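In: kindly return the folded structure for what I paste below:
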Amino acid sequence: MCTPQKILFVLLFSFSWVVNAQKGKKILLKPQKIGFLYNNANEKNFLFDDTDYYYHTNTFKVQAFYNLGYWQTFQFQLVVQPQVQIITHQLLNKYFVLNTEKQFLENRILFTTKKKMNLYGLELAFLMQKEIANKLFAIVQIGLGVATIDTATERLAKGFTFLENLSVGFTFDTSTKTSIYLGSNIGHVSNFETQQPNSGYSFLGFEVGISYKL
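Out: Alright, predicted model coming up:
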């Protein structure tokens with residue numbers, strides 16, 4: 001089980017690694033800024049209201065932003081995002097487990113029991129931003145990552161999986177060094193048929209973040 005103490009340790013370790021690596025010149029590119037992001041998402045929304053299951057995630061990300069360059073009025077960045085996701089999941093439609101499957105009665109009981117799961121991942125995201133007002137930037141971010149999930153469900157096998165994310169939002173520079181971010185996120189978790197089952201999860205949520213320029 002992922003406790004708040006474990007989450008804090010993982011995030012602080014990742015944060016300190018980025019800072020120390022930057023100071024010691026142990027990474028190839030110097031990050032422009034570092035940050036922290038919180039995301040809250042679920043499948044019950046106007047896009048993914050799936051009656052078969054319940055899915056809710058709290059995601060915590062440490063971020064390192066690397067400048068890729070400019071094109072006209074757009075700035076492009078690479079974002080490296082180690083993360084921890086705390087997930088609550090429950091199968092609501094017991095007939096999702098077919099009676100042709102082995103031990104289907106036991107699996108229906110197992111999967112319809114609400115459970116806590118943890119996902120640990122590393123995501124690389126391509127970010128595009130444009131200043132639309134003084135100190136205010138519009139953001140579009142597309143991310144792909146690899147992860148491991150610690151619990152098997154009727155929709156996804158335990159172990160290796162992929163992350164896919166699309167985020168849109170706004171960043172406001174609160175000072176010459178600090179910025180705050182508010183946005184929305186569409187996400188998907190699945191393993192690309194590397195294991196079975198692989199129905200995966202799709203979700204929509206909101207996210208907030210803070211960043212600091214180095």
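In: contacts and neighbour counts: CA atoms only from here.
Out: Noted.
In: what sits closest to T73 if chain neighbours are left out?
Out: Nearest non-adjacent residue to T73, counting by C-alpha to C-alpha, 6 or more residues apart in numbering: K130, 6.3 Å away.
In: which element, helix or strand, includes that neighbour?
Out: Using DSSP states H and E, the element containing K130 is strand 115-133.
In: strands paired with that strand, and their directions?
Out: Counting by DSSP bridges, the strands paired with strand 115-133 are strand 74-91 (antiparallel), strand 136-149 (antiparallel).
In: would you turn these into a markdown table with mean neighbour count, mean pLDDT and distance to K44?
Out: Written out in a markdown table, the entries for the strands paired with strand 115-133 read as follows (neighbours: other C-alpha atoms under 10 Å; pLDDT from 0 to 100; distance: least, C-alpha to C-alpha, whole Å):
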| stretch | mean neighbour count | mean pLDDT | distance to K44 |
| --- | --- | --- | --- |
| strand 74-91 | 20 | 95 | 12 |
| strand 136-149 | 18 | 95 | 21 |
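In: kindly state the beta-bridge partners for the residue nearest the centre of the chain.
Out: Taking C-alpha atoms, centre = their mean, the centroid of the chain lies closest to T59, which sits 5.8 Å from it. For T59, the beta-bridge assignment (DSSP bridges) gives partners N39, Q85.
In: just to check, it is in contact with N40?
Out: Yes - counting by C-alpha atoms under 8 Å, T59 touches N40, with 6.4 Å between them.
In: tell me if L110 really is in a strand.
Out: No - counting by DSSP: H, G, I helix; E, B strand; the rest coil, L110 is not found in a strand; it is helix.
In: what residues are up against it?
Out: Going by C-alpha atoms under 8 Å, 6 or more residues apart in numbering, L110 touches no other residue.
In: cool, thanks, talk later.
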